[in-house]
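Enquirer: Have a look; sequence and predicted model below, questions after that.
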Protein chains: 4
Amino acid sequence: MTKVAIVGASGYTGGELIRLLENHARVEISAITSRKYADTPIYKVHPNIRNGLVFKDLKPDSLDADVVFTATPHGASMKIVPEILETGAKVIDLSGDYRFKDIAVYEKWYEIKHDSPLKAIYGLPEIYREEIKKANLIANPGCFPTGAILANLPLSKEKLVERIIIDSKTGISGGGVTLSSAFHYPNCSDNVSPYNVTRHRHMPEIQQELGMYSNVKVSFTPHLVPVIRGILTTSHSFPEDNSVSSEDLIKIYKKQYKNEIFVKILENGEIPQLNSVRGSNFAHIGCFEIDENGRLVIISAIDNLVKGASGQAIHNMNLISKFKEDEGLNSYGLHP
Amino acid sequence: MTKVAIVGASGYTGGELIRLLENHARVEISAITSRKYADTPIYKVHPNIRNGLVFKDLKPDSLDADVVFTATPHGASMKIVPEILETGAKVIDLSGDYRFKDIAVYEKWYEIKHDSPLKAIYGLPEIYREEIKKANLIANPGCFPTGAILANLPLSKEKLVERIIIDSKTGISGGGVTLSSAFHYPNCSDNVSPYNVTRHRHMPEIQQELGMYSNVKVSFTPHLVPVIRGILTTSHSFPEDNSVSSEDLIKIYKKQYKNEIFVKILENGEIPQLNSVRGSNFAHIGCFEIDENGRLVIISAIDNLVKGASGQAIHNMNLISKFKEDEGLNSYGLHP
Amino acid sequence: MTKVAIVGASGYTGGELIRLLENHARVEISAITSRKYADTPIYKVHPNIRNGLVFKDLKPDSLDADVVFTATPHGASMKIVPEILETGAKVIDLSGDYRFKDIAVYEKWYEIKHDSPLKAIYGLPEIYREEIKKANLIANPGCFPTGAILANLPLSKEKLVERIIIDSKTGISGGGVTLSSAFHYPNCSDNVSPYNVTRHRHMPEIQQELGMYSNVKVSFTPHLVPVIRGILTTSHSFPEDNSVSSEDLIKIYKKQYKNEIFVKILENGEIPQLNSVRGSNFAHIGCFEIDENGRLVIISAIDNLVKGASGQAIHNMNLISKFKEDEGLNSYGLHP
Amino acid sequence: MTKVAIVGASGYTGGELIRLLENHARVEISAITSRKYADTPIYKVHPNIRNGLVFKDLKPDSLDADVVFTATPHGASMKIVPEILETGAKVIDLSGDYRFKDIAVYEKWYEIKHDSPLKAIYGLPEIYREEIKKANLIANPGCFPTGAILANLPLSKEKLVERIIIDSKTGISGGGVTLSSAFHYPNCSDNVSPYNVTRHRHMPEIQQELGMYSNVKVSFTPHLVPVIRGILTTSHSFPEDNSVSSEDLIKIYKKQYKNEIFVKILENGEIPQLNSVRGSNFAHIGCFEIDENGRLVIISAIDNLVKGASGQAIHNMNLISKFKEDEGLNSYGLHP
């Protein structure tokens, strides 16, 4: 059995890692850590999980694990990841600290000085599978970027568009467990609330990855919607070659993702919805309609806590551990 | 007292007309009609309203009213409006039947042959106030068009942009009382569901009005969100003159709407949200941010059943009846 | 015009007072106070309200008002109410500080020493109308007690039952604006959460009022449900005289409330629902069914922020000011 | 591999059976049937499931299965179950048709004449485990009865109470996929709606099971709450022996359920909530508080589609097939 530890396990992504790992045949959880909840039984924080685990306040060098998930906030991961790597463990970091190829971009958007730059692989298996298999440090992608990059990767690779407008709708769990007026039930129920309309820090992450293949410029706006989990991404763009049809695009997308277990290209006419992926690691991509003005719409749906965070992290663990790629991740979503 | 009748009063817009008219000092409701609920007391259909009214199955020529609201479906209004007009009543029609200047556009998008074309005024007071005052037949705007046109009118008037991408999020009440799998609670709660992604019939209505002032091309995509009431419209565009600033735009918008009671241009930094307009006739417009790629975002929020339907219809009635414009409509929204 | 001031106006009940008073023809708001939001324009706290008001940090003795609403927390009201009364203003207090006839009960359940006991009238107009008209200090009832007392008052008056089990379901706004993990959207959406199951401080308040007429013993359990506003109270009891029928009970209830504007006794077969009273000052009471085991069920529905707080406070103001009882309060609820 | 077929697989319980069976190592699905969706690929009905299955319109005698789940409506099951049994398959019926020991009770409450009474075992493993192992026909319990019986079984067995008042709150999926005004999103969102207040057909089912051990009389009232999945049951009763303490009750409950994998007795002070069991087969039972009037409150939480239907059905299949009891059912719920 592979031993795994989860640092910062009291948040939503921590809870989700534990929930999913419970159904993984090849690992055992050696430690779940939390400073705030040290010595607290897990069910007091994650009332769905009743497996006897107890949070511990452990130092990075005493984790005793083959793989460590750092579900710590931006800025906190960089303080502990180097030390964990020194123990010989592989690290899958769920924060933004190691996602950027250019540290200056990170420091600009996160407004934090990076004090331990390290070589990390961006953990989107659909792009970096082979590099991930050999990596010691994986920067697990952000939730919006996961949905947005998968929805637009072939457009950029095929150099079909110059600009992409990404209008995303996210469930409130994307904001984490930290209390905020914006996440107070009476304020966000029955509401839609755009935020960081032109300045969300996931924008440069999307731009970094889609910009690898073409000069495409990405614009991004997120909205809070009264949903617990899920990100629905609506991508608007104008293919320059107006002979490109929906059918052509479906072919291109099916080809791009033909070996991908977790990416489902929906048939012509089927539109992705959040309630088809709730709780699962699947990304649904579809629509591909082009309107009278030549605007193309591509839509993706993911669960922000699974494919957009903890599920993808386990996918990365499976890759670096040479497990079956979908081990522990092959459940379908809850519907309804 | 002005006598008003409501034809097709059993739907959501009918109920909302009655709710709002109850607080209107200058009118009395002479009849509420419904074939399906003939002789049923109102509270059995609209359980919030307990004013003793009873639905009647009345012919168009026996309504005995100065102003008649036809809250009837597309295709049904055209069958009765001519006859009602003959009684001398003025008509405010909430369907799509009289909204199009070009009948061919209507027939293409609604897939109905129009058998009684009549001169009607498009009932958006912010554009057609003077014409409305003299009209006998008013075509009350669609819900999406109300939010989208108000958010983009100055952009078109000032010829600032060539294309506008309108990404709208609507509450489920926009679909009316008719049962549908798409509106079944377990299917739409905790979900976001794009629909008629490139083919919604409100698109040509938006195009008609915004296209009056420039060659702007409108692209439109609606999404169902788990909200009862409200339309949040996110408008993405690329101003050609990249010296235009957010401050310039706020000035232009404030000037355009300076005499408008129901349009509130929010201050720089304030973002419209649905829960600020719930139950009210106000439209909030704001954001005006421009991102690094020159993309401008303008956001509007309305209550689809009030400003997007029944409230606007009463505003139109106030105009044709020479009442105070905000008579019966000056309540603020419910928050939370 | 009567001058009114609202102390502690930044919370939900404060916002609701302002929203409702905007439609009141006989008053003007002379001040809204908040220490935290001193000099902040109202829309930054209550984004629905755009009337130019600004929060002020005023001392109790400088409010310049005929009627003062103290929408302050338990324990805070008692610090300021005596001083406000000295200015000659009448006070309607929305906290629990003056609701108890027996200070010892207050101190036991609120775990606060009461340092300024004063004679106050319990502001439930359906019981204390005449006393309210002559009062200087009114203790506005709690939200759960409003729904529970109205639903059970005739049972106690007629000495029909010995015990009442009150199972209430409340919207999350009942918890106010203070952030809490229990009100964090991902934790309370799609959830039902019982709390203070046998120890809620509204229990002794209900007991106090229902216990005035008989020896009835009240048991009370509240539940948080994913609703913004509203309290649905299900009252279970066993009439001792098993010849009492549903029809008898409807008659008794109709008689009790026959002159009450805001209490609607529903017809046999109609069941109260929250979405019939949303945003309104009406209380709906109905059901009156008796099962095979002799259990009687009575159900009431109110909006916790209106009839359960701010609307009822305005009703009380109307009484002490000799206004029409329903001035500013006669709007029907939002449905849907 | 055991071959299983699902008759009536297009509803929510059908979809849930397929979702759960996908993670079951010992079975293969030989057929999913639906008359309405014959020859339709599964994802068009259950968009979360993309396993290539296609609905078939098969006769009962051509199912080719070792175990057949009949997820058919009341009244429909009795038409096909006898024929399926003749093929030699074991049948787990999710309707109410075979749940009653006394056919007259069924016929009274379901208002259907029963034309094929058969010996069936009531499929609540916590009571009938041994009988289930030997059964050919299992009547899978109703959703409310599952939560209510588990919450009250020890009370009845120990003869602690004479009457139990069960106040249940159910998610809307309990109503199934059939469209109804009561399940129309704008009508049930932000609402609480009691229904069949004293006449729900699950009452006699609860009474039948709890009445096996004592003369306890059960009163039952269900409420629709705006939740997709889950039943929260609040049980109110008055233990006759007022020396019984919460601690005593916890001991009794822990003893009763000590070998039950799927029943979790929560610790003193922990209150069951729906979001701890969402998507899982666990039942949480807790509270055990007794108030000043001697009222005892016991609360249970289940997912109505899993423990209350399809998960329990698979548990029954595991028992009759001699599989591990929790095979395919050991996932924790989604939280948040």
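Expert: It's in.

Enquirer: Only C-alpha atoms from now on, for both contacts and neighbour counts.
Expert: Noted.

Enquirer: tell me which parts of chain A are close to chain D?
Expert: By Cα under 8 Å from any Cα of the partner chain, the residues of chain A that approach chain D are A:12, A:15-16, A:19, A:22-23, A:46-49, A:173, A:228-229, A:275-277, A:279, A:330-336.

Enquirer: One more pass at 6 Å, please.
Expert: A:47, A:48, A:276, A:332, A:333 (Cα under 6 Å from any Cα of the partner chain).

Enquirer: Mind checking which of these are in strands?
Expert: If you go by DSSP state E, those have nothing in strands.

Enquirer: Most widely separated two among the residues you listed?
Expert: A:47 and A:276 (24.5 Å; Cα to Cα).

Enquirer: what's the closest of the residues of chain A next to chain D to chain B?
Expert: Closest approach to chain B among these (Cα to the nearest Cα): residue A:276, at 8.9 Å.

Enquirer: The closest one contacts residue D:50, correct?
Expert: No. At 10.0 Å, residue A:276 does not count as touching residue D:50 under the criterion of Cα atoms under 6 Å.

Enquirer: Of those two, give the one with the bigger neighbour count.
Expert: residue A:276 (27 against 14; other Cα atoms under 10 Å in any protein chain shown).

Enquirer: How much space separates that one from residue A:21?
Expert: 22 Å (Cα to Cα, to the nearest Å).

Enquirer: Point out the residues in the stretch 151-300 of chain A that sit beside chain B.
Expert: Residues of the stretch 151-300 of chain A lying near chain B (Cα under 6 Å from any Cα): A:186, A:190, A:191, A:192, A:193, A:198, A:227, A:273, A:274, A:275, A:291.

Enquirer: Turn those residues into TSV, including secondary structure.
Expert: Putting those into TSV (DSSP: H, G, I helix; E, B strand; the rest coil) gives the following:
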residue	secondary structure
A:186	helix
A:190	coil
A:191	coil
A:192	coil
A:193	strand
A:198	coil
A:227	coil
A:273	coil
A:274	helix
A:275	helix
A:291	coil
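
Enquirer: Can you name the two of these that sit furthest apart?
Expert: For these, with distances taken as Cα to Cα, the pair at the greatest spread is A:186 and A:291 (37.5 Å).

Enquirer: The two: who's more crowded?
Expert: For residue A:186 versus residue A:291, the count of surrounding residues by other Cα under 10 Å is larger for residue A:186: 28 against 17.

Enquirer: Could you tell me which residues make contact with that one?
Expert: Contacts for residue A:186 (Cα atoms under 6 Å, 6 or more residues apart in numbering or on different chains) come out as B:336, C:173, C:228.

Enquirer: Residue A:325 too?
Expert: Going by Cα under 6 Å, 6+ apart, residue A:325 touches residue A:318.

Enquirer: Distance check, it against chain C.
Expert: 30 Å (Cα to the nearest Cα, to the nearest Å).

Enquirer: With residue A:320 instead?
Expert: 32 Å.

Enquirer: just checking, that residue touches residue A:130?
Expert: No. Taking contacts as Cα under 6 Å, residue A:320 lies outside contact range of residue A:130: 9.4 Å.

Enquirer: Show me the strands in chain A, by range?
Expert: Under DSSP E, chain A gives strands at A:2-7, A:27-33, A:67-70, A:90-93, A:121-122, A:137-139, A:163-170, A:193-194, A:217-224, A:231-237, A:263-265, A:283-290, A:296-302.

Enquirer: Report the inter-axis angle for the first one versus strand A:27-33.
Expert: With axes from the mean of the first three to the mean of the last three Cα atoms, to 10 degrees as the basis, strand A:2-7 and strand A:27-33 are set at 20 degrees to each other.

Enquirer: swap in the last one?
Expert: For strand A:296-302 against strand A:27-33, the angle by the same axes, to 10 degrees is 90 degrees.

Enquirer: other SSEs contacting strand A:296-302?
Expert: Applying 3 or more Cα pairs under 6 Å, 6 or more residues apart in numbering or on different chains; DSSP states H and E, we find strand A:296-302 packed against strand A:231-237, strand A:283-290.

Enquirer: Number of residues surrounding whatever residue of the stretch 1-150 of chain A ends up closest to chain B?
Expert: Closest to chain B within the stretch 1-150 of chain A is residue A:109: 13.0 Å, counting by Cα to the nearest Cα. Counted by other Cα under 10 Å, the residues lying close to residue A:109 total 15.

Enquirer: And residue A:300, by the same measure?
Expert: Residue A:300: 30 neighbours (other Cα under 10 Å).

Enquirer: Also residue A:312?
Expert: 27.

Enquirer: swap in residue A:164?
Expert: For residue A:164, using other Cα under 10 Å, the count is 23.

Enquirer: and the gap between it and chain D?
Expert: Distance check for residue A:164 against chain D: by Cα to the nearest Cα, it reads 27 Å.

Enquirer: again, but for residue A:53
Expert: Noted for residue A:53: a distance of 14 Å to chain D, by Cα to the nearest Cα.

Enquirer: neighbour-wise, which of residue A:320 and residue A:130 wins?
Expert: The neighbour count for residue A:320 versus residue A:130, taken as other Cα under 10 Å, is higher for residue A:320 (23 against 12).

Enquirer: Quick check: nearest residue in space to the more buried one, chain neighbours excluded?
Expert: residue A:133 (4.3 Å; Cα to Cα, 6 or more residues apart in numbering or on different chains).

Enquirer: the helices in chain A, which residues?
Expert: With DSSP state H applied, chain A shows helices at A:12-21, A:77-86, A:103-110, A:125-133, A:143-157, A:185-188, A:202-210, A:246-256, A:311-320, listed in chain order.

Enquirer: Grab the nearest non-local neighbour of the residue in the stretch 101-250 of chain A positioned nearest to chain D.
Expert: Chain D sits closest to residue A:228 of the stretch 101-250 of chain A, with a gap of 6.9 Å, by Cα to the nearest Cα. Once flanking residues are discounted, residue A:228 sits nearest to residue A:171: 4.8 Å by Cα to Cα, 6+ apart.

Enquirer: Residue A:59 versus residue A:34, what's the distance?
Expert: Distance from residue A:34 to residue A:59, by Cα to Cα: 10 Å.

Enquirer: Sorry, slip of the keys, the one I care about is residue A:225.
Expert: Distance from residue A:225 to residue A:59, by Cα to Cα: 38 Å.

Enquirer: okay, these two: which has more neighbours?
Expert: Using other Cα under 10 Å, the more surrounded residue of residue A:225 and residue A:59 is residue A:225, with 29 against 13.
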